[in-house]
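>>> After the sequence you'll find the predicted model.
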Amino acid sequence: MSWIHIDDLIGIILHCINHDNLKGAVNGTSPNPVTNQAFTKTLGTVLKRPTIFPMPALVVKLLMGQMGEELLLAGKQIRPKKALDAGYIFKYKTLEEALINAV
């Protein structure tokens, strides 16, 4: 599953604005996608809470509909190739770093 810290998303947007050579869609995601299980485990570690199960698919579908299914359950590993090729350097390279800062 793809994720990104808000600071890096804003950083990518500003990088695109300041670099005329970037054309077309640029993926606003971390270069390090994780599984739902890894996300849940890392979040539990950061929050110092036990995690037994990742979020059930039914809950994702009920809360977020098709968008949640596509973003969280499809298992697509989207990477920010254009942003990286254009020289963007991520501030938060790992999910744990991003979550520690965000929570």
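Here it is on my side, so go on.
>>> where exactly do the helices run in the chain?
Taking DSSP state H, the helices of the chain run over residues 6-18, 36-47, 57-68, 81-85, 95-102.
>>> Quick one, which of those gets closest to V26.
Taking C-beta to C-beta as the criterion, V26 comes closest to helix 81-85 out of those, the separation being 4.7 Å. For every residue, glycine as well, the C-beta is placed using N, CA and C.
>>> Show me what counts as buried in that closest one.
Judged by neighbour count using 16 or more other C-beta atoms under 10 Å, the buried positions of helix 81-85 are K82, A83.
>>> still on that earlier bit, now distance to N27 too, for the helices of the chain, in CSV please.
CSV is the format used below for those (distance: least, C-beta to C-beta, whole Å):
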stretch, distance to N27
helix 6-18, 8
helix 36-47, 18
helix 57-68, 16
helix 81-85, 7
helix 95-102, 16
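>>> could those be laid out in TSV, adding distance to T29 and mean pLDDT?
Written out in TSV, the entries for those read as follows (distance: least, C-beta to C-beta, whole Å; pLDDT from 0 to 100):
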stretch	distance to T29	mean pLDDT
helix 6-18	9	96
helix 36-47	13	88
helix 57-68	15	65
helix 81-85	9	95
helix 95-102	12	95
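>>> What about E96, how many residues nearby?
Residue crowding around E96 was assessed by other C-beta atoms under 10 Å; the count is 14.
>>> Likewise for L14?
Residue crowding around L14 was assessed by other C-beta under 10 Å; the count is 11.
>>> cool, V26 as well?
Counted with other C-beta under 10 Å, residues neighbouring V26 total 19.
>>> how near is it to I100?
In this view, V26 and I100 are 26 Å apart by C-beta to C-beta, to the nearest Å.
>>> From the centre of the protein, point out the most distant residue.
Here the centre of the chain is the reference, and by C-alpha atoms, centre = their mean the most remote residue is D20, at 25.0 Å.
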